[in-house]
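Undergrad: build me a model from this:
(chains A and B)
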Amino acid sequence: MIQIIQILILGIALGGVYALMSSGMTLIFGVMRIVNLAHSAFIVLAAYLAFFVFKTFNIDPILSMVITMPAMFLVGIVYYRLVFASRADNPRFSDLTVLITFATGLVIEGVLAFIFTGIYRSTTPTYAKTSLNIGPFFIPESQLYALIISVLLIVSLWLFMRYTRIGNAIRATMQNRNAAQVVGVNVRWISTLSFGIGLAMAGAAGSLLSFVFTFYPAKHIAWIGMIMCLVVLGGMGSLVGALVSSFLLATAAAYVNFYLGAAWSPITFYLSLFLILLFRPQGLFGKKVEG
Amino acid sequence: MGTLVIENVVAGYGSGPNILKGLSLTVESGKAYCIIGPNGAGKSTLIKVIAGLLKPREGKISFKGEDITQLRADQVLQRGLCYVPSDRSLFPDMTVKENLRMGGYVMRDSRLVDQRIDELFAMFPILKEKSSQMAKTLSGGQQQLASIARAMVLKPEMIMLDEPSLGLSPKVVQQIFGTITSLRDQGLTILLVEQNARKGLQIADVGVVLDLGTNSFEAPACDVLNDPRIQELYLGKRHQDVAAEECK
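TA: Numbers count the residues shown, from 1 in each chain, chains lettered A, B, ... in the order given. Below you'll find the model as predicted:
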């Protein structure tokens, strides 16, 4: 029994980070219909940025979020303006973005490998090695902090979307792009901003991941598969969906990992993707695509 | 001196052909205009160009003496010219009230927006009743009302409606036209695009016939309604069984 609860704790702790990793991707898809296959590459890029400032200036990786988030926000805005803005009216825009972002991911991987080599990296703040014990249970301190910060960030994003004028404009654009234009929302500006916010979330995820996992330039290939599963399971474009599916799958994967071995853990994600596409292709919280 | 003056407007989508081919039209303040014409004549395109959602390739549009040809959609709205699109485009997963709030998006003063929404709730009690329901749960007619109310949040001087009767049952169409008539009686300038030519012309002051991207005919709505050519082409009437149409 103790073991079962212990695994649940570890699963939930990872779920928070997964949710942060997928939140940016689902936002970017929801607003702009961009399938951002480079999302995990941007997360790895941010992790390297956190690693770099940790090694060079001894800046704590949690604190490094004040650097990675604005930096990735800017990267997002420039990237959207350069690559996507002029193509947004293309009838096959979503198809295009799959190829463009995949190529972007490979470019980021190549550049990172060139600068940092392929060695496994992680940041090593003091809390990366200690665990908290509560009764018979333990939770690695690093995962606890990552969980708390991830949930705080996602809740803030949700509140922003729900209660601010710009957040409402973003939701309106997600739900009906034409109607948003009719009421005077500058859809182009909102798209640029949303892409920036999506990558800022990737930036935060990179900072937190840097002390939770080890990473190397090609790591994004493994992560994008996982993130895609989470986003599709939650319903593409749904923030709440990404959050719920992250906790569900992280916990499920933790049990599979314990009872069947680590090799089976990724299968949890792909099997659930397979099942959801078979029985509820719009995802848990997604909208049925019409027409 | 018209409120809205459209001069030789040429427009089309992307790199496609011209849909509007040098269209000119003057809309006078406080009157209701009904634009009819076959599919592809450019009726919806004309409204999009006026609303600032599509930039014309040539020509000039001015509203109350000001050139609005190059303005963005939000700037056109701020000048009191609102647009109700044809597909009743609401935000499906927002409540009716949130939808109306989005109508006041360009206003920034949220208290003023809420005040306007209360006034509109008094005007459309059914929307007040449904105010916290998701827009997607409304019936077609209620959605159309919400869509009109959303445009009215800005207290516009002129409202453009694109096919308000599309896909609605005759009874509901009757109600929607009743609403449009009451807006007209409040002194709003109305530009109505309507497939249901008879209904549209009955509540309009002026009828405009668009054909192949130009303004082919403009006359008092009553005359258009009783013109034998129009009756044959758009009202489905044979020339011989013409009886005088009821009109305003």
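
Undergrad: can you list the residues of the stretch 1-150 of chain A near chain B?
TA: Residues of the stretch 1-150 of chain A lying close to chain B (Cβ under 8 Å from any Cβ of the partner chain) are A:D89. For the C-beta atoms, the positions are set from N, CA and C on the backbone; glycine is no exception.

Undergrad: the closest residue to chain B within the stretch 1-150 of chain A and B:L20, how far apart?
TA: Per Cβ to the nearest Cβ, A:D89 is where the stretch 1-150 of chain A lies closest to chain B, at 7.0 Å. Distance of A:D89 to B:L20, computed by Cβ to Cβ, to the nearest Å: 19 Å.

Undergrad: so for those two, which residue has more residues nearby?
TA: B:L20 (28 against 8; other Cβ atoms under 10 Å in any protein chain shown).

Undergrad: and the more buried one, what's its pLDDT?
TA: For B:L20, the pLDDT comes out at 86.

Undergrad: got the buried residues for the longest helix seen in chain B?
TA: Ranked by residue count under DSSP state H, the longest helix found in chain B is helix B:170-185. Neighbour counts using 16 or more other Cβ atoms under 10 Å in any protein chain shown place B:172-173, B:175-177, B:179-181, B:183-184 of helix B:170-185 among the buried residues.

Undergrad: and stretch A:1-13, by the same measure?
TA: Going by 16+ other Cβ under 10 Å, stretch A:1-13 has these buried residues: A:6-7, A:9-13.

Undergrad: could I have that stretch exported to CSV, CA atoms only?
TA: Extracted in CSV, the C-alpha atoms of stretch A:1-13 (Å, rounded to 0.1, in the frame of the first residue of the first chain):
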residue,chain,number,x,y,z
MET,A,1,0.0,0.0,0.0
ILE,A,2,2.8,2.4,1.0
GLN,A,3,4.5,1.6,-2.3
ILE,A,4,1.3,2.3,-4.3
ILE,A,5,1.0,5.8,-2.7
GLN,A,6,4.7,6.4,-3.1
ILE,A,7,4.5,5.8,-6.8
LEU,A,8,1.4,8.1,-7.0
ILE,A,9,3.4,10.9,-5.4
LEU,A,10,6.3,10.5,-7.8
GLY,A,11,3.9,10.3,-10.7
ILE,A,12,2.1,13.5,-9.7
ALA,A,13,5.4,15.3,-9.2
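
Undergrad: how far does it sit from its chain's centre?
TA: Remark: stretch A:1-13 is offset 23 Å from the chain centroid, using Cα atoms, centre = their mean, to the nearest Å.

Undergrad: for B:L210, grab the count of nearby residues.
TA: If we define neighbours as other Cβ under 10 Å, then B:L210 has 24 of them.

Undergrad: give the contact list for it.
TA: B:23, B:35-37, B:41-43, B:46, B:216 (Cβ atoms under 8 Å, 6 or more residues apart in numbering or on different chains).

Undergrad: so among those, where is pLDDT lowest?
TA: Ranking the contacts of B:L210 by pLDDT, B:S216 lands last with 70.

Undergrad: tell me the SS of it?
TA: strand (DSSP: H, G, I helix; E, B strand; the rest coil).

Undergrad: again with B:L168
TA: Per three-state DSSP, B:L168 ends up coil.

Undergrad: and it, what does it touch?
TA: So B:L168 contacts B:140-141, B:144, B:176 (Cβ under 8 Å, 6+ apart).

Undergrad: can you pick the most crowded of the residues you listed?
TA: Going by other Cβ under 10 Å, B:Q144 tops the contacts of B:L168 with 26 neighbours.

Undergrad: can you point out the buried residues in the helix or strand that that one is a member of?
TA: Element membership for B:Q144 (DSSP states H and E) is helix B:140-152. Along helix B:140-152, these residues count as buried under the neighbour rule (16+ other Cβ under 10 Å): B:141-152.
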